[in-house]
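S.K.: Fold the following.
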Amino acid sequence: MSGSDEHLTGGALNAALANEIGRLIAEFTGRGAQRSRAFVDQDVVVCVLEDGATNAERNLVSAGRADLVRLQRDALQRAMGPQLIAIVERLTRRAVRGFLSGSDESGGAAVELFLLEADS
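M.R.: Numbers count the residues shown, from 1 in each chain. Model prediction:
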């Protein structure tokens, strides 16, 4: 965002959400998703991130330890939750009332979902 007073909407907001959420996840995991997109619909923000598994995660899956990838991803998503929420609140200018996060067994695809307080 170029200025703190700028209010993004529509495609610009979706792109900013996808980019900033993707960037934070890359900082935490060491590898960013190759594809990410975000959608805002009324009081719901969804960010889908694809092809983001690290080499270590892919090796664990190949070794039959997808369970460890899932545990690690869950722990990382909980650890970065407050920062993800801060991004969404800053960009949407609305408070987040709920946050849900999940990834597939391989760590390759993830979804970050935010429930927003009513628009005032």
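S.K.: for this protein, what's the longest helix?
M.R.: Assignment by DSSP state H gives helix 66-92 as the longest helix of the chain.
S.K.: Can you pull out the low-pLDDT segments for this protein?
M.R.: Counting by pLDDT under 70, the chain contains low-confidence ranges at 1-5, 120.
S.K.: Centre of the chain to the longest helix of the chain, how far?
M.R.: Remark: helix 66-92 is offset 7 Å from the chain centroid, using C-alpha atoms, centre = their mean, to the nearest Å.
S.K.: Mind giving me the packing neighbours of it?
M.R.: Other helices and strands packing on helix 66-92, by 3 or more C-beta pairs under 8 Å, 6 or more residues apart in numbering; DSSP states H and E, are helix 10-29, helix 55-62, strand 96-103, strand 109-116. No exception for glycine: its C-beta is placed from N, CA and C like everyone else's.
S.K.: try it again with 10 Å
M.R.: When contacts are defined as 3 or more C-beta pairs under 10 Å, 6 or more residues apart in numbering; DSSP states H and E, helix 66-92 sits against helix 10-29, strand 35-41, strand 44-50, helix 55-62, strand 96-103, strand 109-116.
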